[in-house]
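> sequence first, predicted model second:
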Amino acid sequence: MTYKENSEKYIENYNLSIGDTIKVHKEDISYTGILLDRPEDAEDGFLVLKLSSGYNIGVAIDNTTAELVEKGDKPKIGYDESEIPKDPSKENISVISTGGTVSSVIDYRTGAVYPKFTASDLVKANPELLDYANYNVKALYNIFSEDMKHEYWVKAAEEIANDISDGADGIVIAHGTDTMHYTSAALSFMLKTPVPVIITGAQRSSDRPSSDANINLIDSVIAAKGDIAEVCVCMHGSLNDNFTYLHKGTKVRKMHTSRRDTFRSINAQPIAKIENKKININPEYSYTKRGENELEVNTNIEEKVGLVKSFPGISKDFIEYHIDKGYKGLVIEGTGLGHTPNELIGSFKRAKDENIPVIMTSQCLYGRINMNVYSSGRELIDAGVISAQDMTPETAYVKLCWALGQSDDYNKVKEIMQTNIAGEFSVKSSIKDFLN
Amino acid sequence: MDYNELGLKMGLEIHQQLNSEHKLFCPCKTELVDDDYNELIQRKLRPTQSELGEIDRAALQESLRGLNFKYENFEKHTCLVENDDEPPHSLNEEALDICITIACLMNMHIVDEFHTMRKQVIDGSNTGGFQRTGMVATDGYLDTPYGRVVIESLGLEEDAARRIETKDGFTEFRLDRLGIPLAEITTDPSMHDPAQVREVAYMLGQILRSTNVKRGLGTIRQDLNISIAKGARVEIKGVQDLDLMSEIVEREVQRQLVLIDIKEELEKRNAEVLEEIHTLDDLFVDTESKILKSAETIKAVVLKGYNGLIGREVQPGRRFGTEIASYAKKRGVSGIFHSDELPAYGITQDEVDKVTEFLNIGDDDAFIIVAHDEDIAISALEEVKRRAALGLEGVVEETRKALDDGNTEYMRPLPTANRMYLETDIPLFKITEDRIEPIANNLPELPDVKQARIIKEYKLSEDLATQLVKRQEADMFEAILADVDVDATPVASLLAYDLREIKREGYDVNILTLEHYKGIFTLLSEGKIAKDSVRKLAVETIKTPDDDIAEIAEKNNLTMMSEDDVAKIIADIVAQNEGMVKERQMGAMGPLMGMCMKQLKGKADGGLVNKIVREEIQKLI
């Protein structure tokens, strides 16, 4: 129960429980309804009642008395463990949930949304999934996207590797959208995979009839059965409910706070478009085919890496702080081609002297780092700052974490950062790759 | 009909658009748009897990049928919120305050905290698949000449998107109306007399109109709840015309009575709807019926014991068969053929006999034919079977649509009450005493009260007062007269009649402010302009609203002449017509007045002209 202080006392005093039908008497009116729980962040001193009309109202408890009308059942949401039929002629797809909103269920009586994740629940919400594959479903953890941590990437990579070893023909990961592109980058560096690993989510939660979860999920399963054996993000391609894009895990970024088509390939084109249940692969794109790679897992990762955005007037304290605090690496979101105020250069030199690699990315997001054009850029190079080329700041950040997990030698890390591991950068900038 | 004996019970539900500046949960204007849209967005809705219950492919397929939508988006008039691509903004407090005003006028109890709920609606009229709605107040009342009526609840909710057309498997909606705040007023279902329902609807309309609500076609929608003791609750949507209320009630009661009668007869006959769907394609190979000939397949079901009852009239011009057909139509067919109406529509007696023989049915039995594509025909016949079988239960709980002639037509099943849950994107909204008190202490006057007072206080004609109130100009009228000591009638007449004409001529009358009006009527009260010039001065003021009113009058030659100048002009005219005056004596008064007024209209008061003309004539005779 999330009632606090006064309300909690009031409820205890009258010996009431959530789910009971109660009557609250005010001076000139009485309300009868089911006592519901209250959002955690809401003000104390109110009860939430669901009236027989279905409406909820808040009743201030001051100067009221309450009585129990009928004891109610505590709302129970049971996980459905019933067996889902397996069809031996179909592929086996492993679905791993990390706590996104792809599958959750609403209790209409109380209005609470429960994250549910059993195969049966998933199939129940999306019965047409049965047309495409057999499913092995598990909830790996249940966190908000913004609470994602490095250790969860490791856990996910290991879980995926296990499932692939156990014979999964493809992996679908349900993920919150906020940090999806960090996870897709992390898995891209940690895994060499013989099967597709598809990350998907929803911008509108699945308890709504307008949710984008169903289409994203089905297209992800189609991608997971397909031939592109890479870590990809599969999400809505437009505001319409008619196609999704498959983006390379290291080139994708969330670009809008709320639109369905928020995920975009940055400095790249989507690998494929999935429309009417068919994958149309971008002909200009050469991809790793199913079975081409042996499964390899490398989850070594350094957590103490910082990401700092440059801005007019930024003080060198921002850099000094990270060095003083023992950070092992630093990604800078510089301005334009990859610049920072002159004041910071001394700090970058100090970082290099202390064996801390500093990677330059651009807050423009689109385009390539080039520190040769202006003298300030050349000074950064002289100070040991390493170019991230056309990587997004987020991908560069994840890559640096991973690179520092491989070695603590500055030169070795620099070499890794400049080697294309998972298609994270390209050497050529196409006229097409802007604002699309 | 003795309504009391039949146990007739009625309740009203009224939806009224509020005239707030912005929509309920986004900053878009609350105006409808007739521009071309900028973008058409294509969406699907699907029932959520809880609605489906178990894994049922067939049920899902069925529910997904027809859930393809297109939404007309506008760069200027709509935003990402209507499009379900951005979470709702905070609750529009202006709309809430209008609801608080309405609640106070209906003696209601306002809730301590407003919770926005999501009510599932998957017909596409809400992009999210739910309507946002919340309870503002409960338990009020209205005293009517027929006794007290309890107002059960007042809700504040979003209006739905406008349906434009259904074509090629998509239903297209315009997003302009979605999110306009609506007040939903529900009375308890305790009214027994249609005249009382009409009176309550009228009174509620009066109350709403005294507050800041939208006017005009489609801005208020009245639904009627109705049942009789042996029948079932039916909700009739969209009763536009209050005068039609009694007719609708009478016809609905009649419908329920006939359905009860049909039920009893079906029971007597041990009637039964047979499961099997028959294919009749072979029987109609050479048919003359155009509909049957062009259809992919012709299918039929057998209704044992229904013969003669499908053709029974339930409302004037509507049969039990029409009720069944309206269910089938929801599955995409344009109609059904039932045995009670055949032979007809190009189907011959010979063909009817062949069908009867093929289906092997007896004299008491009936059949229904549907001709369409295979899956649609089957789906429609499933609905036919369902509705026909419901005939054994008498009256079915339904939402029906009011038709123009007083009949009603099936729309959908009654919604279940509890399909509502909290809109988690919007914080709970505490309604404090500090918010309610100033509103409760400044309640608007109800229109009829205001009208009566204005007539008495300003000695206006009833018609002028009615128009002032109806056109929402009464407040402006009183504000002008509070500051300017002038005859009330020309003020009322400009506001009530002339403004409308001026607007029709293409001028934006909203440009005129209280200050403009005060300027115009100050000139009138000081005798500087004539009554006849008020309208013209108003038009000229709209053209140059920043100029000084006296200057506008001057520039446009609307200022009155001095009495001396007037006398001089009249003296000239009379002098020129000396011959006529001599000949006709006072009989020249008429023609001379005409000549003078022609020259002095708007420059001199008619009474003054009359007086001077008379004096001038008398000088000559």
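Right, received. Where do you want to start?

> bridged to the residue of the stretch 51-200 of chain A found nearest chain B, which residues?
Ranked by CB to the nearest CB, the top residue of the stretch 51-200 of chain A for proximity to chain B is residue A:58, at 2.5 Å. Every residue, glycine included, has its C-beta placed from N, CA and C. Judged by DSSP bridges, the bridge partners of residue A:58 are residue A:48, residue B:113.

> wait, it touches residue A:46, no?
Yes: between residue A:58 and residue A:46 there is a contact under CB atoms under 8 Å: 4.3 Å.

> ok, for residue A:316, nearest residue in space, not its chain neighbours?
Excluding its sequence neighbours, the residue lying closest to residue A:316 (CB to CB, 6 or more residues apart in numbering or on different chains) is residue A:347, at 4.5 Å.

> number of nearby residues for that neighbour?
Using other CB atoms under 10 Å in any protein chain shown, residue A:347 is surrounded by 22 other residues.

> quick one: contacts for it?
Residue A:347 makes contact with A:316, A:319, A:320, A:323, according to CB atoms under 8 Å, 6 or more residues apart in numbering or on different chains.

> how about the helix or strand that contains it: buried residues?
Element membership for residue A:347, per DSSP states H and E: helix A:345-353. Buried positions in helix A:345-353, judged by neighbour count with 16 or more other CB atoms under 10 Å in any protein chain shown: A:345, A:347, A:348, A:349, A:350, A:351, A:352.

> try stretch B:584-595
B:584, B:588, B:592, B:593, B:595.

> buried residues in the strand or helix carrying residue B:455?
Assigning secondary structure by DSSP H and E places residue B:455 in helix B:447-458. Neighbour-count burial for helix B:447-458 flags B:447, B:450, B:451, B:454, B:455, B:458 (criterion: 16+ other CB under 10 Å).

> list the buried residues of stretch B:240-259.
Buried-residue list, stretch B:240-259, by 16+ other CB under 10 Å: B:244-245, B:248-249, B:251-259.

> ok now it, how far from the chain's centre?
Averaging C-alpha positions (CA atoms, centre = their mean, to the nearest Å) puts stretch B:240-259 19 Å from its chain's average.

> export only the CA atoms of that stretch, formatted as PDB.
Extracted C-alpha coordinates of stretch B:240-259, given in PDB (Å, rounded to 0.1, in the frame of the first residue of the first chain):
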ATOM      1  CA  GLN B 240     -31.300  16.900 -31.400                       C
ATOM      2  CA  ASP B 241     -34.800  18.200 -31.300                       C
ATOM      3  CA  LEU B 242     -36.500  18.600 -27.900                       C
ATOM      4  CA  ASP B 243     -39.900  18.600 -29.500                       C
ATOM      5  CA  LEU B 244     -39.200  15.100 -30.800                       C
ATOM      6  CA  MET B 245     -38.600  13.800 -27.300                       C
ATOM      7  CA  SER B 246     -42.200  12.500 -26.600                       C
ATOM      8  CA  GLU B 247     -42.300  10.900 -30.100                       C
ATOM      9  CA  ILE B 248     -39.100   9.100 -29.500                       C
ATOM     10  CA  VAL B 249     -40.200   7.900 -26.100                       C
ATOM     11  CA  GLU B 250     -43.600   6.700 -27.400                       C
ATOM     12  CA  ARG B 251     -41.900   4.800 -30.300                       C
ATOM     13  CA  GLU B 252     -39.300   3.200 -28.100                       C
ATOM     14  CA  VAL B 253     -42.000   2.000 -25.600                       C
ATOM     15  CA  GLN B 254     -43.900   0.600 -28.600                       C
ATOM     16  CA  ARG B 255     -40.800  -1.100 -29.800                       C
ATOM     17  CA  GLN B 256     -40.100  -2.700 -26.400                       C
ATOM     18  CA  LEU B 257     -43.700  -3.800 -26.200                       C
ATOM     19  CA  VAL B 258     -43.700  -5.500 -29.600                       C
ATOM     20  CA  LEU B 259     -40.400  -7.200 -28.800                       C
END
